[in-house]
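Colleague: Need coordinates for the below:
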Amino acid sequence: MFEIKDLGFNYGKKVVFHDISFTINEGDFLCLMGPNGSGKTTFLQMLEGFLVPQHGEISYKGMNLRKWLDKPITKKKYHQQVGILFQNVDIQLFNSTVYDEIAFGPKQMNLSQEEVDERVNDCLRLFNLEHLKDNVPYHLSGGEKRMVALASVLALNPQVILLDEPLIGLTNDNRQKMLHIFKQLNQIGKTIILITHYYQQIKELASDYLIFKDGTAQHKTQDELQESPDLIEQVEKY
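Modeller: Below you'll find the model as predicted:
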């Protein structure tokens, strides 16, 4: 699904990472781990197209990401297929009600009102948010805001879901609820790419890991990681 070749990025003279090469297959559950400031969010934003690689390239479904983003039609198609949940979800919430928030994306796809209602109601049920559909998103709790923001991403029915620290600031109950939803999404074929510090909670879900440290990133499958006790000890500290 994604082909990453010799990827590198700098902020000024500071090298964030360099020479990252690996493949993300359809249906993978890829977990990005590493210390703060090691490049995880930068990498995620490059996949979404918000940042342009300074070295190397990213291809999606066999076509260079720059070409996907070059024309309005293909750019819109790409962002419908690849959705992102930011760590600060407040920047994603701008509608007057929860219903309108979740409905915004489907409406931009020119779906019928019946189809929009169906997608919104499916997402409300998935997150048990039906009782909040007429509430103002800005007035919700932190956990509720995160669920509404993710519901608005899922309403587009993306093939790839990018998640930047989706478990941070949640109660244990809401964290478990989100993990269950991630598992369900992956089981139906969605490709999940997630940043987290919660290795113990994600280890049963992730199929692959990209571990950032000191300007580099190691790609490991779940089996390969299990064969490296030192690396497990390292990611547990993140």
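Colleague: What sits closest to residue 215 if chain neighbours are left out?
Modeller: Leaving out its chain neighbours, the residue that sits closest to residue 215 by Cβ to Cβ, 6 or more residues apart in numbering is residue 15, at 5.0 Å. Every residue, glycine included, has its C-beta placed from N, CA and C.
Colleague: could you give the mean pLDDT of the lengthiest helix in the chain?
Modeller: Longest helix in the chain by number of residues (criterion: DSSP state H): helix 172-187. Averaging pLDDT along helix 172-187 yields 93.
Colleague: Need the residue closest to the centroid of this protein.
Modeller: Geometric centre of the chain, nearest residue: residue 162, 1.3 Å, by Cα atoms, centre = their mean.
Colleague: how far away is residue 204 from residue 194?
Modeller: 13 Å (Cβ to Cβ, to the nearest Å).
Colleague: What strand or helix carries the residue nearest to residue 215?
Modeller: Using DSSP states H and E, residue 15 sits within strand 14-24.
Colleague: Kindly state the distance between the middle of that strand and the middle of its chain.
Modeller: Put simply, strand 14-24 sits 18 Å off its chain's centre (Cα atoms, centre = their mean, to the nearest Å).
Colleague: With stretch 86-105 instead?
Modeller: For stretch 86-105, the distance to the chain centre is 16 Å (Cα atoms, centre = their mean).
Colleague: do the same with stretch 82-89
Modeller: With Cα atoms, centre = their mean, you get 6 Å for stretch 82-89.
Colleague: same thing with stretch 130-137?
Modeller: 24 Å.
Colleague: Equivalent analysis for stretch 144-151, please.
Modeller: 13 Å.
Colleague: residues touching the residue nearest to residue 92 when sequence neighbours are not counted, list them.
Modeller: Closest residue to residue 92 apart from its sequence neighbours, by Cβ to Cβ, 6+ apart: residue 149 at 4.6 Å. Counting by Cβ atoms under 8 Å, 6 or more residues apart in numbering, residue 149 touches 85, 86, 89, 92, 93, 101.
Colleague: Identify all contacting residues around stretch 25-35.
Modeller: Contacts for stretch 25-35 (Cβ under 8 Å, 6+ apart): 1, 24, 40, 43-44, 159, 182, 186, 189-197, 199, 202, 205-213, 217, 235, 238.
Colleague: typo on my end, stretch 117-129
Modeller: 98-99, 102-103, 106, 111, 130, 133, 144, 147-148, 150-152, 154-155, 157, 177, 181.
Colleague: try stretch 203-211
Modeller: 20, 22, 24, 28-34, 43, 179, 182-183, 186, 192, 194, 217-222, 225, 231, 234-235.
Colleague: in it, what counts as buried?
Modeller: For stretch 203-211, the neighbour count (16 or more other Cβ atoms under 10 Å) marks 203, 205, 206, 207, 208, 209, 210, 211 as buried.
Colleague: Okay, buried residues for the strand holding residue 15 please.
Modeller: In strand 14-24, counting by 16+ other Cβ under 10 Å, buried: 15, 16, 17, 18, 20, 22, 24.
Colleague: Next: stretch 38-57.
Modeller: Neighbour count says stretch 38-57 has 38-49, 53, 56 buried, by 16+ other Cβ under 10 Å.
Colleague: Among the contacts of residue 149, which are located in helices?
Modeller: residue 101.
Colleague: tell me which of the contacts of residue 149 is nearest to residue 167?
Modeller: residue 85 (10.9 Å; Cβ to Cβ).
Colleague: pretty sure the closest one is touching residue 48, no?
Modeller: No: with contact defined as Cβ atoms under 8 Å, residue 85 does not reach residue 48; the gap is 10.4 Å.
Colleague: This protein: helices as residue ranges?
Modeller: Counting by DSSP H, the helices of the chain are 40-48, 65-68, 72-81, 98-108, 113-126, 142-154, 172-187, 199-202, 222-226, 229-237.
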